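A.B. asks: Structure for the following, please:
(3 chains)
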Amino acid sequence: MPARTRGAEGPEGRLDGRGPEGSQPERSDGRFAEALLAWYDRHARVLPWRVSPADLAAGIRPDPYRVWMSEIMLQQTTVAAVKGYFASFTERWPTVEALAGAADAEVMGAWAGLGYYARARNLLACARDVASQRGGRFPETAAELRSLPGVGEYTSAAIAAIAFDEPVAVVDGNIERIATRIACIETPLPAARRPIRALVQDLTPAKRPGDFAQAMMDLGATICTPRRPACVLCPVGEGCKARRQGRQELFPVKAAKGAKPAREGAAFVLRRTGDGAVWLRRRPPSGMLGGMSEPPTTDWSSRADGATGAEAAPVAADWRLVGFVRHGFTHFDLTLEVWTAEAGADPGIDGWWASPSTLDGEALPTLMRKVLERAAADQAGAAAI
DNA sequence: TATACGTGGAT
DNA sequence: TATCCAAGTAT
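C.D. replies: Residues are numbered from 1 along each chain as shown, chains lettered A, B, ... in the order given. Coordinates of the predicted model:
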């Protein structure tokens, strides 16, 4: 980077294009993107779904299917959590046509544990749409991508920029954080979305928009972090208003959250005498844990009116309370009673027997795996006595 | 605009 | 233990 000039912009010069919040936006002079991309060329994270800046410069293009898959998985989910799922999905279903041909239960089972299961339902719906209606080709513009199930404002822009070189503003949580620091945007999220988008659009270069977006996300993940950002290492720190004021940790400003309510219910683990298979059923196709499998549970109600206990069981049996499972969701905390019983015959309710050897492939969310573990631990304890 | 929607790791 | 947080979308 050349030395900054001190001119009409003010004593700090500018690397970005900032005016005060709410003022007429000035056009970026391109130096922000230039500095960021130079840093990215040296420090880009190596990720399984990514084409390195060097390979990209050599003409290698990312596979839109893999870009799309990674972006869906990465929604509200850490890179560390996604890596294994991305590897197994792309190995099992290497193309969008292959994924489109998968059964619902296979995909839900493969997604189990990753969370936000509407993503898996939409993933399959999107794959089937692309395979059957679009000749296996993803749309190439953000506007068209936006119409696909599970592809929203962020994801459509990310795919368009990364896979198809469209110079659209890509705004995720990292980039919101960076933008609010650069410009000291005091408006709390999510109300600050509009000025943030305007700033990011202004900074986005016509060339290498995909690398720019990924560079911003790498910057947010490794330097411009939520807590204790490493400003001394920042390649664009000179253009950051918050850093100049020593207030980088005060951004982004966020709206206050309400308290998490508590809910409770009961789960009933019916074990088949002999082989230890457990009775599972499918949850309704939408809503909480929609489309996933579970041992029968009651509704999850607020603490006062919970009708729990053995009388709430789906079938009559010699039910025993063997413990509790606590699980924190985004918007409530759940405590589930875990009841077990033995059965010699089919219970006569909707569902199926899942033997221990097939349990791994079942679409069991983490909560339900905890329930089954609690039941199994009780059985192991009883056997040891 | 506000709320529903998972999970695991960090502090 | 409690809280926050991560490449958001749908309604």
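A.B. asks: Correct me if wrong, but A:Ser321 is in a helix.
C.D. replies: Slight slip there: residue A:321 is Leu, not Ser. No. Going by DSSP: H, G, I helix; E, B strand; the rest coil, the assignment for A:Leu321 is strand, not a helix.
A.B. asks: Tell me the secondary structure of the residue lying closest to it once chain neighbours are set aside, please.
C.D. replies: Computed as Cβ to Cβ, 6 or more residues apart in numbering, the closest residue to A:Leu321 that is not its neighbour in sequence is A:Trp339, at 5.6 Å. All C-beta atoms are positioned from the backbone trio N, CA, C, and that covers glycine. Under the three-state scheme (three-state DSSP), A:Trp339 adopts strand.
A.B. asks: which residues touch A:Trp339?
C.D. replies: A:Trp339 makes contact with A:Ala266, A:Ala267, A:Phe268, A:Val269, A:Ala310, A:Ala313, A:Trp319, A:Arg320, A:Leu321, A:Val322 under the criterion Cβ atoms under 8 Å, 6 or more residues apart in numbering.
A.B. asks: Not counting its own residues, what contacts the lowest-mean-pLDDT helix or strand in chain A?
C.D. replies: Among the helices and strands of chain A, strand A:301-302 carries the lowest confidence by mean pLDDT, DSSP states H and E, at a mean of 77. Strand A:301-302 has contacts (Cβ under 8 Å, 6+ apart) with A:Pro261, A:Ala262, A:Arg263, A:Glu264, A:Gly265, A:Ala307.
A.B. asks: Just the buried ones among the residues you listed, please.
C.D. replies: Buried by 16 or more other Cβ atoms under 10 Å: A:Arg263, A:Glu264, A:Gly265, out of these.
A.B. asks: Work out the gap between the strand or helix carrying the first one and the centre of the chain.
C.D. replies: Under the criterion of DSSP states H and E, A:Arg263 resides in strand A:262-272. Chain-centre distance of strand A:262-272: 28 Å, with Cα atoms, centre = their mean, to the nearest Å.
A.B. asks: now do stretch A:123-141
C.D. replies: Offset of stretch A:123-141 from its chain centre (Cα atoms, centre = their mean): 21 Å.
A.B. asks: Give me the average confidence score over that stretch.
C.D. replies: For stretch A:123-141, the mean per-residue pLDDT is 98.
A.B. asks: and if you look at stretch A:49-68?
C.D. replies: For stretch A:49-68, the per-residue pLDDT averages 97.
A.B. asks: Could I get the buried residue list for that stretch?
C.D. replies: A:Trp49, A:Arg50, A:Val51, A:Pro53, A:Leu56, A:Pro62, A:Asp63, A:Pro64, A:Tyr65, A:Arg66, A:Val67, A:Trp68.
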